[in-house]
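>>> okay, here's the prediction I keep looking at, along with the sequence it came from:
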Amino acid sequence: MKPYRLSIKFPHYRVSGAWKDGDHKVVMGTLQYIQEDAIRLNKNTFGNLFIRKRSIKTKLNGVHQSIEFGASHSLAILERDLRKEYNDILHHEELFWF
């Protein structure tokens, strides 16, 4: 996932300058751009968060059931990787709610 860098200076400059000049079309266009960018950020960061969480939980349950029949090194590695991904998802979920 790519880090998001919010550059507020350019839109702020355009909005404040247009607001002073009375050019409301520029203000609305810039605000529309900010809204679309925020929607893209939300979709890319949180869009499939709950679906991914459910998928990882299902995979972890499958790994745990397999371990009950016989532990192996590859299952332990898979469980470790799934737990790391699950913890990352929980972190993103926390960011989503706050």
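All right, it came through fine. Residues are numbered from 1 along each chain as shown.
>>> tell me what the host helix or strand of residue 43 is packed against?
Per DSSP states H and E: residue 43 is located in helix 24-46. Contact analysis of helix 24-46 by 3 or more CB pairs under 8 Å, 6 or more residues apart in numbering; DSSP states H and E lists helix 9-21, helix 73-97 as its packing neighbours. No exception for glycine: its C-beta is placed from N, CA and C like everyone else's.
>>> and if we set it to 6 Å?
Here helix 24-46 touches helix 9-21, going by 3 or more CB pairs under 6 Å, 6 or more residues apart in numbering; DSSP states H and E.
>>> got a list of contacts for stretch 77-96?
Under the criterion CB atoms under 6 Å, 6 or more residues apart in numbering, residues 46, 49, 52, 53, 56, 59, 60, 63 lie in contact with stretch 77-96.
>>> got it, and stretch 56-68?
Under CB under 6 Å, 6+ apart, the answer for stretch 56-68 is 75, 78, 79, 82, 85, 86.
>>> the fourth one: neighbouring residues, count only.
Residues lying near residue 82 (other CB atoms under 10 Å) number 19.
>>> equivalent analysis for the fifth one, please.
Applying other CB under 10 Å, we find 16 other residues in the vicinity of residue 85.
>>> any idea how far it lies from residue 76?
15 Å (CB to CB, to the nearest Å).
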